[in-house]
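1. compute the structure for the input listed below.
(one chain, ligands or ions: 2)
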Amino acid sequence: MSESDSASTQSRTCVSCGIDVSGTNAAVFDCPDCGARIHRCATCRKQSNLYECPDCGFTGP
Ligand SMILES: [Zn+2]
Ligand SMILES: [Zn+2]
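-> Residues are numbered from 1 along each chain as shown. Ligands and ions are numbered 1, 2, ... in the order given. All right, here's what the predicted structure looks like:
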């Protein structure tokens, strides 16, 4: 039993609507500006909601 995913214990909330996305098929990507990890739930992805980086405030589609 090996836990290779040790760096994933941060909060996983959708940056657009703020729901807890842990255990869902949320999209995960890095902020193009500062590289912060950004989570986005499937609903917001489907609606193409804007996201805002919690770290630097970068917004994008
Ligand atoms: Zn959302
Ligand atoms: Zn950022």
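2. enumerate every residue touching the residue positioned nearest the centre of the chain.
-> Central residue of the chain (Cα atoms, centre = their mean): residue 39, 0.8 Å from the mean position. Residue 39 makes contact with 12, 13, 14, 15, 21, 26, 27, 28 under the criterion Cβ atoms under 8 Å, 6 or more residues apart in numbering. C-beta here means a position set from N, CA and C on the backbone, and glycine is covered the same way.
3. ok, those residues vs residue 43, which is closest?
-> Minimum distance to residue 43 across these is 8.0 Å, recorded for residue 14 (Cβ to Cβ).
4. for ligand 1, see how far away the closest residue to that closest one other than its chain neighbours is.
-> With sequence-adjacent residues excluded and distances taken as Cβ to Cβ, 6 or more residues apart in numbering, residue 14 is closest to residue 41, at 4.0 Å. According to Cβ to the ion, to the nearest Å, residue 41 and ligand 1 sit 3 Å apart.
5. likewise residue 18?
-> Taken as Cβ to the ion, the span from residue 18 to ligand 1 is 7 Å.
6. likewise for residue 13?
-> Distance from residue 13 to ligand 1, by Cβ to the ion: 9 Å.
7. same check, this time on residue 47
-> Taking Cβ to the ion, one finds residue 47 at 8 Å from ligand 1.
8. tally of neighbours for that residue?
-> Counted with other Cβ atoms under 10 Å, residues neighbouring residue 47 total 11.
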